[in-house]
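Asker: generate a structure from the sequence data that follows.
(one chain, ligands or ions: 1)
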Amino acid sequence: MIDLRNITLSFPDGQDRVTAVDDVSLKCADGVVTGITGPSGSGKSSLLAVAAALIRPDAGSVLIGTGADAVDAARLTWSRAAELRRSRIGIVFQQSNLLPALTAREQVQVMARLGGAASPARRSATDEDAVELLAAVGLADHMDKRPHQLSGGQRQRVAIARALVHRPEVLVVDEPTSALDRDRGAAIMRLISELTHRRRLATLLVTHDLTYRDTLDELVTVVDGAVAAAGE
Ligand SMILES: Nc1ncnc2c1ncn2[C@@H]1O[C@H](COP(=O)(O)OP(=O)(O)OP(=O)(O)O)[C@@H](O)[C@H]1O
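Answerer: Residues are numbered from 1 along each chain as shown. Down below sits the predicted model:
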């Protein structure tokens, strides 16, 4: 669960400040893809960065998890926020941001190890997870390829596997189809939807393009930093 309560975020703008997110409250339940849409500059990416514990808001709370397991990311130090991201949050950006020298399998394994696979037993479990996840995203036959040997859609699949290898509860996705053609974009959106339902992820996904509206379970429109309309 992601429970954003009364989030306000501003950035310095010369002598002044620009309000990117203006008192937004939004819940994203487990097993649900919640889309955030809205015009350019409306605050979508800023809100997503807050939900991913990448930026601390000026005000409001960012509850990740439920009940006794809930943590308010807005109250954490930077190192605790980084720890929260490594353990409970998966992030997929517009570009896949893969490391050019590593194979698909290594990209995912490296992330698994950053997530704290210290003991040999744990390390081998996460390596198995990496292989299983790459198969789950349709890359069983491409695990030993480097990014330049993969298509844009395949690279985005590696990025999704990498975001999920530490078994996060929350998946935060920024415009995952922006670099893809329509068919590959549709396949990536279907994959995110399937993984969200199967793994009970709370997925928050920014898109300005509603071509793939049917893969979103909920939709929130943001205008001028505020929520304009929820659902349909
Ligand atoms: N790092 C920053 N420093 C200063 N202003 C920023 C920064 N990031 C965003 N802004 C401003 O905050 C507002 C919201 O930007 P944001 O990128 O969140 O919008 P968006 O809806 O994601 O836009 P787009 O669809 O074009 O990516 C804009 O006015 C933008 O100029």
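Asker: what pLDDT does H142 get?
Answerer: Here the pLDDT value assigned to H142 is 95.
Asker: that's a helix at it, yeah?
Answerer: No: using DSSP: H, G, I helix; E, B strand; the rest coil, the assignment for H142 is coil, not a helix.
Asker: quick one: the helices in the protein, in order.
Answerer: 44-51, 78-88, 104-114, 120-136, 152-164, 182-199 (DSSP state H).
Asker: any idea which of the ones you listed scores lowest on pLDDT?
Answerer: Here the helices of the chain differ in mean pLDDT, and the lowest is helix 120-136 at a mean of 78.
Asker: OK, contacts around the closest residue to V222 other than its chain neighbours?
Answerer: Closest residue to V222 apart from its sequence neighbours, by CB to CB, 6 or more residues apart in numbering: G38 at 3.8 Å. Where you see a C-beta, it was placed from the backbone N, CA and C, and this is true even at glycine. Counting by CB atoms under 8 Å, 6 or more residues apart in numbering, G38 touches 44, 208, 221-223, 228.
Asker: ok, I55 touching L47?
Answerer: No: with the criterion set as CB atoms under 8 Å, I55 and L47 do not qualify as a contacting pair; they are 9.6 Å apart.
Asker: mutual contacts of those two, please.
Answerer: Counting by CB under 8 Å, 6+ apart, the shared contacts of I55 and L47 are L9.
Asker: more neighbours, the two?
Answerer: Applying other CB atoms under 10 Å to I55 and L47 shows that L47 carries more neighbours, namely 27 against 21.
Asker: report the beta-bridge partner residues of the closest residue in space to the more buried one that isn't next to it in sequence.
Answerer: Counting by CB to CB, 6+ apart, L47 lies nearest to V21, which is 5.1 Å off, once chain neighbours are set aside. Legend: beta-bridge partners of V21 under DSSP bridges are L9.
Asker: who's the residue minimising distance to the centre of the chain bridged to?
Answerer: Closest to where the C-alpha atoms of the chain average out (CA atoms, centre = their mean) is V172, at 1.9 Å. Counting by DSSP bridges, V172 is bridged to I91, L204.
Asker: interface residues of this structure facing the ligand?
Answerer: Taking CB under 6 Å from any ligand atom as the measure of proximity, the chain contacts the ligand at 11, 18, 20, 38, 40-46, 208.
Asker: just checking, which of these comes out lowest on pLDDT?
Answerer: Among those, H208 carries the lowest pLDDT, at 86.
Asker: brilliant, that's me finished.
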